[in-house]
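*Asks:* With the input below, show me the fold.
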Amino acid sequence: MVGSVGNGAADLGAASLANGNGKAPHLEQQAEEPAVALPMEMEPEMVEGEGKREVVMGRNMHTACFAVKEPDADDDETGEREATMASVLALYRRSLVERTKHHLGYPYNLDFDYGALAQLQHFSINNLGDPFIESNYGVHSRQFEVGVLDWFARLWELEKDEYWGYITNCGTEGNLHGILVGREVFPDGILYASRESHYSVFKAARMYRMECVKVDTHISGEIDCSDFERKLMQNKDKPAIINVNIGTTVKGAVDDLDLVIKTLEESGFKDQFYIHCDGALFGLMIPFVKKAAKVTFKKPIGSVSVSGHKFVGCPMPCGVQITRLKHINALSSNVEYLASRDATIMGSRNGHAPIFLWYTLNRKGYRGFQKEVQKCLRNAHYLKDCLNAAGIGAMLNELSSTVVFERPKDEEFVRRWQLACEGNIAHVVVMPSVNIDKLDYFLRELVEKRAVWYKDGICQPPCIARDVGQESCFCSLHKK
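*Replies:* Predicted coordinates:
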């Protein structure tokens, strides 16, 4: 099970130390037990006549949480609680090691070593307020944050005196901020986003009470600019705020930024649009792909956001949001309590994250990232070719390291490999931490399991032609 540490609630007060070895026997036993099967009501079902799966939810974590208990009166003398907590943490660490071995479906780079930064964990570092204006709170890392922001501004070709940005708490916050800036620039604007945009884009529309128009996509997941044009023409009296995907969540599709701009201008929206580029994962990969069109502020875009915990490999969720300085005044306000200004969404911000990002950017640099991008694309093609060779339908977009294939029949297999699924498809996101050995391990297990799932011929692999196109579907109907 994803994130599993044992299969029931761990009661710290009940843990006992046996033979003086400092281990909690019942916790060790839980680590050995196989994953618990899903309750019957949580097994995936097919909706009659529609060919759609019900959403399979993860287990209720109240059944597996570690309880917080008040210390016993004699705990200071016996030291039992400290030993028990140490045992729980050791068990949790072993679980993390195991789950990391089987991590393929989510875009996190798990290949990092930040041991040199351990010395800073003793400080409460908080970058509250504007990154460029120091506040009265002196334990901050603004000098690292601005250095990171300058690096990204250079990457996206925006001069120091023309940009504003900050290190966010996650990719979603970057989208929330980018769309908020667009809404402030055009208060009566309509938000346009492809149907395959990240759910945070539609969350922003709800939060800001914005009218939102969903645009159709091609089979690749890329925005359909013909449909975009049709929908623009239905709302010619209102400015357009557009979310452009630099890598969609499920298929890794990259919207054609140049075509989006051309569509806007030819539809009569010149100077009446704001573009936010959601580059959560591929925003940092695309600059190092030779065939890819540039994401640059030399084009009429308003903001770009990326995640720091994805391709970069920061161990805590964070992100980078860059926008044009001229847009930010409408959001910014003086805060006397801080002796600073604030145009961020969250007030307090993790001051450790900028240091981790600064450390990685300095160690790898542009050339280091370019090598990692090439490795990811190469390994993604390897996985796709191996799936096809095994008779499994798969799709890989040209500029992507996200390999889409048929959803495994067994939800336990999905959870074991932490695959992200939608309907009849699943995907593997090939990151720098995913090597050929790991892909071969996954492929062997998948092929072995499929031989069991479909051995009697009664049950057939799902048709994924609607999701990836007939040429990428290897079901009984479309098999070549």
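*Asks:* all helices of the protein, in order?
*Replies:* According to DSSP state H, the chain carries its helices in the segments 25-32, 75-78, 80-101, 142-155, 171-185, 199-207, 225-233, 257-266, 325-328, 352-389, 411-416, 436-453, 465-468.
*Asks:* tell me the mean pLDDT for the third one?
*Replies:* Within the predicted structure, the mean pLDDT of helix 80-101 is 92.
*Asks:* One more: stretch 344-363?
*Replies:* Per-residue pLDDT over stretch 344-363 has a mean of 94.
*Asks:* Report the distance from it to the chain centre.
*Replies:* 17 Å (Cα atoms, centre = their mean, to the nearest Å).
*Asks:* Buried ones in it, by neighbour count?
*Replies:* 344-345, 349-361 (16 or more other Cβ atoms under 10 Å). All C-beta spots, glycine's among them, are computed from the backbone N, C-alpha and C.
*Asks:* likewise stretch 197-217?
*Replies:* Using 16+ other Cβ under 10 Å as the test for burial, stretch 197-217 gives 197-198, 200-202, 204-205, 208, 210, 212-215, 217.
*Asks:* Pick out whichever of those residues sits closest to residue 124.
*Replies:* Nearest to residue 124, judged by Cβ to Cβ, of the buried residues of stretch 197-217 is residue 200 at 28.0 Å.
*Asks:* residue contacts, the residue nearest to residue 369 when sequence neighbours are not counted?
*Replies:* Spatial nearest neighbour of residue 369, excluding adjacent residues (Cβ to Cβ, 6 or more residues apart in numbering): residue 288 at 5.8 Å. Going by Cβ atoms under 8 Å, 6 or more residues apart in numbering, residue 288 touches 366, 369, 370, 373, 374.
*Asks:* For residue 245, see how far away the most centrally placed residue in the chain is.
*Replies:* The structure's the chain has its C-alpha centroid closest to residue 107; by Cα atoms, centre = their mean the separation is 5.5 Å. Taking Cβ to Cβ, to the nearest Å as the measure, residue 107 falls 13 Å from residue 245.
*Asks:* Can you give me the neighbour number for residue 219?
*Replies:* A total of 17 residues lie near residue 219 under the criterion other Cβ atoms under 10 Å.
*Asks:* now do the one 5 residues further on
*Replies:* By other Cβ under 10 Å, the residues close to residue 224 number 16.
*Asks:* circling back: quick check, pLDDT for the residue nearest to the centre of the chain.
*Replies:* For residue 107, the pLDDT comes out at 91.
*Asks:* Among the buried residues of stretch 344-363, give me the pair with the biggest separation.
*Replies:* 345 and 359 (25.0 Å).
*Asks:* Residue 465 against residue 478, yeah?
*Replies:* Yes. Residue 465 lies in contact with residue 478 (Cβ atoms under 8 Å); the separation is 5.6 Å.
*Asks:* Which one of those two is surrounded by more residues?
*Replies:* residue 465 (18 against 15).
*Asks:* which non-adjacent residue is nearest that one?
*Replies:* Nearest residue to residue 465 in three dimensions, chain neighbours excluded: residue 473, at 4.1 Å (Cβ to Cβ, 6+ apart).
*Asks:* so how many other residues sit close to that neighbour?
*Replies:* Neighbours of residue 473 using other Cβ under 10 Å come to 23.
*Asks:* re the thing from before, between the buried residues of stretch 344-363, which is closest to residue 76?
*Replies:* Nearest to residue 76 among the buried residues of stretch 344-363, with distances taken as Cβ to Cβ, is residue 352, at 31.4 Å.
*Asks:* For that closest one, list the residues it contacts.
*Replies:* 117, 120, 121, 125, 141, 316.
*Asks:* From residue 107, how far off is it?
*Replies:* 21 Å.
*Asks:* try residue 279
*Replies:* For residue 279, the distance to residue 107 equals 12 Å [Cβ to Cβ].
*Asks:* is it true that residue 361 touches residue 154?
*Replies:* No. Counting by Cβ under 8 Å, residue 361 does not reach residue 154; the two are 10.9 Å apart.
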